[in-house]
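J.: sequence and predicted structure are below.
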Amino acid sequence: MSESATAVSESAKPAPLSWLAALRVYLEPASLRMLTLGFSAGLPLLLVLGTLSFRLREAGIDRGTIGYLSWVGLAYGFKWVWAPLVDRMPLPGLTRGLGRRRSWLLLSQAAIVAGLVGMALADPRAALGPIVWCALAVAFGSATQDIALDAFRIESADAERQAALAASYQTGYRLAMIWAGAGVLWIAARSEVAPAAQAAGQALAQGAAAYQNGAWQTAYLVMAASMLVGVVTVLFSREPAQVALPPAKNIAEWIEGALVEPFADFIRRYRWQAALILGLIAVYRISDVVMGIMANPFYVDMGYTKDEVAAVTKVYGVVMTLLGAFIGGVLSMRLGVMRILMLGAVLSAATNLLFAWLGSRGHDVTALIAVVSADNLASGIASAAFIAYLSSLTNVSYSATQYALFSSMMLLLPKFIAGFSGDYVNAHGYAQFFTSTALLGVPVLALVALAARVTPAPPRKP
């Protein structure tokens, strides 16, 4: 390439935002909406996975069973199957008044609330079936909300602001996860008929006898009410401008446009490099997701009380999550998404080793503070960069379907492997488990380095 051509190419690139301009993006209405909608998206996840595992372990359920029950989360891994319907199909009685994105958001939020109420009323000691079915309803509703919300976010701003929207979304998401993790534990502890005075080791020895379902019932009902944050935001938000879709002449043409074309578009744009990109997406969060299923059973088995876990994750987790998402968003806009994607991959794997170290400390609250702080900081940085990366791959003409494919692949393999985590811990112990999950992150580094060489492909005009 000639020097003049190179100069023209360089001058065509948009100038990076100044530090002040990058910070101001977070105060724009679209960023603030993503904060509250991110809260609505993050709330259900732990309630059917991490927090539920704490509840089940306290009720005396075996670690192996808890691991297999985490497959409820596979609903997130298959959301691409019904994403085309969310992307294209209007809802009678809702879409005309609210718009395509907001109508699906409201419907999915209603399903989440109903499922959480069902989980509150169920008692895992009597039977696991009801709580599992209600958890599936929450997971399905949550996955549907994610589909509509990802499209809503991508359509709410231009490409230059997607990193900021991703960071705002991730901040709200992580705050909700802390509320659904630390908050629900704090509420359950406060709601016990007679707050446990026993040492954590005694409580574990007593098994299910220390479990109070009424306390968990109160906590899950509060979580159901917390979904109103998202409901109110949807009702008072404006429907984003959408790409006009040509009307389908028949069912075959509709299927072609809704099901086939979103996937074909991605393959056409990236060709053989699509396999590399999809491989990276499939494993980027594998170390975090596989480790996360056993985190709460680990806290219970190490003798940490609900109050201790809640206090540590509420105070230090909130601060470090906000800091991580903020740093990830700003650095992605200033230094580029791929550099921060690599940083997040390194930090995510490294913090898993800290959990192995924590297991050797016994009941050490100070060590728990350090590990939880580092883990939340790393997760905030990695998630903000990863969401921005996924958004950059999406064609706005098929935003819901394509993003659902990407985010589904992100969870499918990790969630499947995580189902065996309880059996692995039973056989090898926590220290080896956490070390193994850190090693799962090593191949991710090579994939990020290779994906950084892929030239972004412009989307085809509809």
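T.: Received the coordinates, thanks. Numbering: from 1, shown residues only.
J.: hmm, residue 354 is touching residue 375, no?
T.: Yes - the criterion here is CB atoms under 8 Å, and residue 354 meets it with residue 375 at 7.0 Å. From N, CA and C alone the C-beta is placed, and that goes for glycine too.
J.: pLDDT below threshold where in the stretch 1-150 of the chain?
T.: Counting by pLDDT under 70, the stretch 1-150 of the chain has low-confidence residues at 1-30.
J.: end to end, how far does stretch 148-166 reach?
T.: The separation between the terminal residues of stretch 148-166, taken as CA to CA, to the nearest Å, is 15 Å.
J.: now for the lengthiest helix in the chain, which elements pack on it?
T.: The helix spanning the most residues in the chain, taking DSSP state H as the definition, is helix 365-393. In this structure, helix 365-393 makes packing contacts with helix 162-178, helix 306-312, helix 318-335, helix 337-359, helix 399-418, judged by 3 or more CB pairs under 8 Å, 6 or more residues apart in numbering; DSSP states H and E.
J.: looking at those helices, which is nearest to residue 287?
T.: Nearest to residue 287 among the helices and strands packed on helix 365-393 is helix 337-359 (5.0 Å), distances taken as CB to CB.
J.: phi and psi next, for the closest residue to residue 70 other than its chain neighbours.
T.: Setting aside the residues directly before and after it, residue 70 is nearest to residue 293 in space (CB to CB, 6 or more residues apart in numbering), at 4.6 Å. The main-chain torsion angles of residue 293 are listed as degrees, to the nearest 10 and equal phi -60, psi -30.
J.: residues in contact with residue 293?
T.: Contacts for residue 293 were tallied using CB atoms under 8 Å, 6 or more residues apart in numbering; they are 49, 50, 53, 66, 67, 70, 418, 419, 421, 422.
J.: residue 397 versus that one, what's the distance?
T.: 36 Å (CB to CB, to the nearest Å).
J.: can you check residue 445 too?
T.: For residue 445, the distance to residue 397 equals 33 Å [CB to CB].
J.: quick one: which of the two has more around it?
T.: Here residue 445 and residue 397 are compared on neighbour count by other CB atoms under 10 Å; more neighbours surround residue 397, at 20 against 13.
J.: pLDDT at that one, what is it?
T.: The model reports residue 397 with a pLDDT of 72.
J.: so it is in contact with residue 265, correct?
T.: Yes - counting by CB under 8 Å, residue 397 touches residue 265, with 7.4 Å between them.
J.: which one of residue 354 and residue 375 is surrounded by more residues?
T.: Each of residue 354 and residue 375 has its neighbours counted (other CB under 10 Å); residue 375 has more, 28 against 19.
J.: contacting residues around stretch 356-375?
T.: By CB under 8 Å, 6+ apart, the residues outside stretch 356-375 that reach it are 200, 298, 302-304, 308-309, 312-313, 316-317, 319-320, 351, 354-355, 429-432, 434-435, 438.
J.: in CSV, list the C-alpha atoms belonging to the strand or helix carrying residue 431.
T.: If you go by DSSP states H and E, residue 431 is part of helix 430-439. Written as CSV, here are the backbone C-alpha positions of helix 430-439 (Å, rounded to 0.1, in the frame of the first residue of the first chain):
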residue,chain,number,x,y,z
TYR,A,430,-11.8,-27.4,46.2
ALA,A,431,-8.1,-26.5,45.8
GLN,A,432,-7.6,-28.7,42.8
PHE,A,433,-11.0,-27.6,41.4
PHE,A,434,-10.1,-23.9,41.5
THR,A,435,-6.7,-24.5,40.0
SER,A,436,-8.2,-26.5,37.2
THR,A,437,-10.7,-23.7,36.4
ALA,A,438,-7.8,-21.3,36.1
LEU,A,439,-6.0,-23.5,33.6
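J.: right, and the helix or strand after that helix?
T.: Once helix 430-439 ends, the next helix or strand along the chain (criterion: DSSP H and E) is helix 442-451.
J.: got the angle between that following helix and helix 337-359?
T.: Counting by axes from the mean of the first three to the mean of the last three CA atoms, to 10 degrees, helix 442-451 lies at 170 degrees to helix 337-359.
J.: what is helix 442-451 packed up against?
T.: helix 273-283, helix 337-359.
J.: circling back to that earlier point, please identify the most buried of the helices and strands packed on helix 365-393.
T.: Mean neighbour counts were taken over those using mean count of other CB atoms under 10 Å, and the top value, a mean of 28, falls to helix 162-178.
J.: what is the mean pLDDT for that one?
T.: Across helix 162-178, the average pLDDT comes to 78.
J.: kindly report the same for stretch 353-372.
T.: Average pLDDT, stretch 353-372: 90.
J.: distance between it and the chain's centre?
T.: With CA atoms, centre = their mean, to the nearest Å as the basis, stretch 353-372 stands 24 Å off its chain's centre.
J.: again, but for stretch 443-451
T.: The chain centroid and the centroid of stretch 443-451 are separated by 21 Å, computed with CA atoms, centre = their mean.
J.: could I get the buried residue list for that stretch?
T.: Counting neighbours by 16 or more other CB atoms under 10 Å, one finds that the buried residues in stretch 443-451 are 444, 447, 448, 451.
J.: nearest residue to the last one in space, please, no chain neighbours.
T.: Nearest in space to residue 451, with sequence neighbours left out and distances taken as CB to CB, 6+ apart, is residue 280 at 4.9 Å.
J.: pretty sure the one you found sits against residue 444.
T.: Yes - contact between residue 280 and residue 444 holds when scored by CB under 8 Å: they sit 7.3 Å apart.
J.: overlap in contacts of these two?
T.: Counting by CB under 8 Å, 6+ apart, residue 280 and residue 444 have no contacts in common.
J.: wait, what's in contact with residue 354?
T.: Each residue near residue 354 by CB under 8 Å, 6+ apart is listed here: 370, 371, 374, 375.
J.: with distance to residue 93 added, can I get those residues in JSON lines?
T.: Rendered in JSON lines, the data for these read as follows (distance: CB to CB, whole Å):
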{"residue": "370", "distance to residue 93": "52"}
{"residue": "371", "distance to residue 93": "49"}
{"residue": "374", "distance to residue 93": "48"}
{"residue": "375", "distance to residue 93": "44"}
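J.: most neighbours out of the residues you listed, which is it?
T.: Within these, residue 375 tops the neighbour count with 28 neighbours, counted by other CB under 10 Å.
J.: measure that one to residue 287 for me?
T.: Distance from residue 375 to residue 287, by CB to CB: 11 Å.
J.: pull the CA atoms of stretch 409-416 into PDB?
T.: Listed next in PDB are the C-alpha coordinates belonging to stretch 409-416 (Å, rounded to 0.1, in the frame of the first residue of the first chain):
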ATOM      1  CA  MET A 409     -22.300 -19.600  22.700                       C
ATOM      2  CA  MET A 410     -20.600 -17.700  25.600                       C
ATOM      3  CA  LEU A 411     -22.500 -19.800  28.100                       C
ATOM      4  CA  LEU A 412     -23.300 -23.100  26.400                       C
ATOM      5  CA  LEU A 413     -20.000 -25.000  26.900                       C
ATOM      6  CA  PRO A 414     -19.100 -23.400  30.300                       C
ATOM      7  CA  LYS A 415     -22.500 -24.200  31.700                       C
ATOM      8  CA  PHE A 416     -22.400 -27.800  30.500                       C
END
